[in-house]
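Engineer: need a structure here:
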Amino acid sequence: MARKNVFSSVIEESLRDRALTDSSERKGALQKNFSGGALGSMDGSLADLHSRSIREIDPDLIDDAGLRDRLEHDDASDEELRSSIERYGQLSPVVVRPHPEHDGRYQIVFGRRRLRSLRKLKIPAKALVRTLDDQELVLAQGQENSVRKDPSFIEKAVFVGELRAAGYKTPVILDALNIDKTRLSRMEGVIASIPFTSIQLIGPAHAIGWRRWVAAAKQVKDLDVNTEDLLESLPLSDLDSDARFEAFAEAVSQWNQPSVEPPADRSRSTEVRLQDGSILAKVTPTASTLTLRVDAKQHAAFARWLEDNLSDEILELHKRWSKDNPG
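Structural biologist: Here you go, the predicted structure:
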């Protein structure tokens with residue numbers, strides 16, 4: 001009876017995947033690459049599903065495959081899935097392909113989170129084995145992302161960079177991520193301006209949309225910001241990914257801005273007093289200026305005279321200083 005329930009769950013999961021795939025194909029995103037191919041066969045009829053053998057494979061024989069598409073894992077979500085599998089068993093199979101270089105080994109196509117859980121639980125993985133080439137594997141990876149937790153803008157941008165580095169052409173990248181050329185251009189602009197090491201320090205930043213990333217990338221480029229040095233200077237250890245981006249963006253906006261001179265230290269002011277002890281003026285030094293202040297109310301006549309003759313008096317003082325400090 002339990003086995004019947006397991007297969008029922010497998011069928012329901014496959015039908016849900018099929019509905020999602022059909023929806024994507026109606027939009028034209030994956031139709032070219034999936035229809036009639038190995039992945040298209042995954043959406044076969046109920047009878048076809050029964051005819052396919054679900055194997056039990058040691059999860060240690062299943063290698064990770066595809067390209068980097070996540071900056072960090074959701075540990076809480078993974079723990080929840082692991083607990084569910086431990087309690088109820090693996091209700092839907094993963095999909096693997098034979099390893100192209102190592103006989104007896106496999107590579108994951110669908111079900112990366114389930115595979116991570118099965119590895120930790122050290123129980124065999126129920127798996128469907130399909131023959132896929134590298135391009136179909138990448139397209140499958142993009143399709144899997146569309147049915148699990150939405151990758152953030154920057155995670156998609158990183159995936160674009162991985163696809164480019166692997167030599168995939170624009171049409172394949174557009175299909176894999178189900179995006180248009182405008183969005184692709186934005187993503188490539190961001191990863192061209194902000195190094196991956198810096199993006200990795202910030203993390204997925206799920207609450208940060210493309211506008212914020214594009215704006216930050218433009219400032220990084222325009223201001224020639226050294227993002228690695230900048231991030232190292234920020235206290236990020238106690239911040240979540242969204243807050244790390246906010247701190248990064250704020251610091252980028254202030255990069256190389258002239259620092260505001262601190263207020264003068266009044267305790268360092270020198271008072272100039274008359275013979276009767278009253279204060280005639282105060283001289284206050286800072287790191288970059290020397291300020292002379294005269295109380296124009298108390299010494300109005302002198303203040304007016306000083307205003308008229310200040311240039312001559314300063315030049316005379318400079319002449320005297322030059323005699324005392326030749327060369």
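Engineer: CA atoms for contacts and neighbours, from now on please.
Structural biologist: Fine.
Engineer: the domain parsing of the chain - what is it?
Structural biologist: In the domain annotation for the chain, the residue ranges read 1-146, 150-255, 270-324 (automatic domain parsing).
Engineer: turn these into JSON lines, columns for mean pLDDT.
Structural biologist: Below are the domains of the chain laid out as JSON lines (pLDDT from 0 to 100):
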{"stretch": "domain 1-146", "mean pLDDT": "68"}
{"stretch": "domain 150-255", "mean pLDDT": "90"}
{"stretch": "domain 270-324", "mean pLDDT": "84"}
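Engineer: show me what the nearest residue to V272 once chain neighbours are set aside is bridged to.
Structural biologist: Using C-alpha to C-alpha, 6 or more residues apart in numbering and skipping the chain neighbours, the partner closest in space to V272 is A281 (5.1 Å). Per DSSP bridges, the residues bridged to A281 are V272, V294.
Engineer: residues near I279, how many?
Structural biologist: 15 (other C-alpha atoms under 10 Å).
Engineer: separation between the residue lying closest to it once chain neighbours are set aside and P285?
Structural biologist: Leaving aside its sequence neighbours, I279 sits nearest to R273 (C-alpha to C-alpha, 6+ apart; 4.4 Å). According to C-alpha to C-alpha, to the nearest Å, R273 and P285 sit 18 Å apart.
Engineer: more neighbours, these two?
Structural biologist: Counted by other C-alpha under 10 Å, R273 and P285 do not tie: P285 has more neighbours, with 15 against 12.
Engineer: just read off the phi/psi values of the residue nearest to the more buried one when sequence neighbours are not counted.
Structural biologist: Spatially, and ignoring its direct neighbours in sequence, P285 is nearest to T291 (6.3 Å; C-alpha to C-alpha, 6+ apart). Dihedral pair for T291: phi -110, psi 130, per degrees, to the nearest 10.
Engineer: what about T291, how many residues close to it?
Structural biologist: Using other C-alpha under 10 Å, T291 has 11 neighbouring residues.
Engineer: isn't it right next to T284, touching?
Structural biologist: Yes. With contact defined as C-alpha atoms under 8 Å, T291 reaches T284; the gap is 5.1 Å.
Engineer: what sits against D58?
Structural biologist: I123, P124, A125 (C-alpha atoms under 8 Å, 6 or more residues apart in numbering).
Engineer: same check, this time on W213
Structural biologist: With the criterion set at C-alpha under 8 Å, 6+ apart, W213 makes contact with I154, V190.
Engineer: can you tell me the element it falls in?
Structural biologist: helix 210-222 (DSSP states H and E).
Engineer: now the following helix or strand past that helix: buried residues?
Structural biologist: Next helix or strand after helix 210-222 toward the C-terminus (DSSP H and E): helix 227-232. Residues of helix 227-232 classed as buried by neighbour count (16 or more other C-alpha atoms under 10 Å): T227, L231.
Engineer: what residues does helix 227-232 touch?
Structural biologist: Contact with helix 227-232 is made by I194, P195, T197, S198, L201, V220, F248, A251, V252, as judged by C-alpha under 8 Å, 6+ apart.
Engineer: now with 6 Å?
Structural biologist: Helix 227-232 is contacted by residues S198 when judged by C-alpha atoms under 6 Å, 6 or more residues apart in numbering.
Engineer: buried sites along stretch 78-98?
Structural biologist: L81, R82, I85, Q90, L91, S92, P93, V94, V95, V96, R97, P98.
Engineer: gap between the two ends of stretch 82-102?
Structural biologist: Terminal residues of stretch 82-102 lie 28 Å apart, using C-alpha to C-alpha.
Engineer: got a list of contacts for that stretch?
Structural biologist: The contact list for stretch 82-102 (C-alpha under 6 Å, 6+ apart) reads 6, 9-10, 105-111, 117, 126-131.
Engineer: buried ones among these?
Structural biologist: Buried, going by 16+ other C-alpha under 10 Å: 6, 9-10, 105-111, 117, 126-129, out of the contacts of stretch 82-102.
Engineer: quick one, helices of this structure?
Structural biologist: 2-26, 31-34, 46-51, 75-88, 112-121, 134-147, 153-165, 170-177, 181-193, 196-202, 210-222, 227-232, 241-253, 300-324 (DSSP state H).
Engineer: and these as CSV, adding distance to A65?
Structural biologist: Shown next, in CSV, are the helices of the chain (distance: least, C-alpha to C-alpha, whole Å):
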stretch, distance to A65
helix 2-26, 20
helix 31-34, 19
helix 46-51, 24
helix 75-88, 19
helix 112-121, 9
helix 134-147, 8
helix 153-165, 13
helix 170-177, 15
helix 181-193, 22
helix 196-202, 20
helix 210-222, 27
helix 227-232, 29
helix 241-253, 26
helix 300-324, 76
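Engineer: what's the closest of the ones you listed to P59?
Structural biologist: Of all those, it is helix 112-121 that lies closest to P59, at 5.6 Å by C-alpha to C-alpha.
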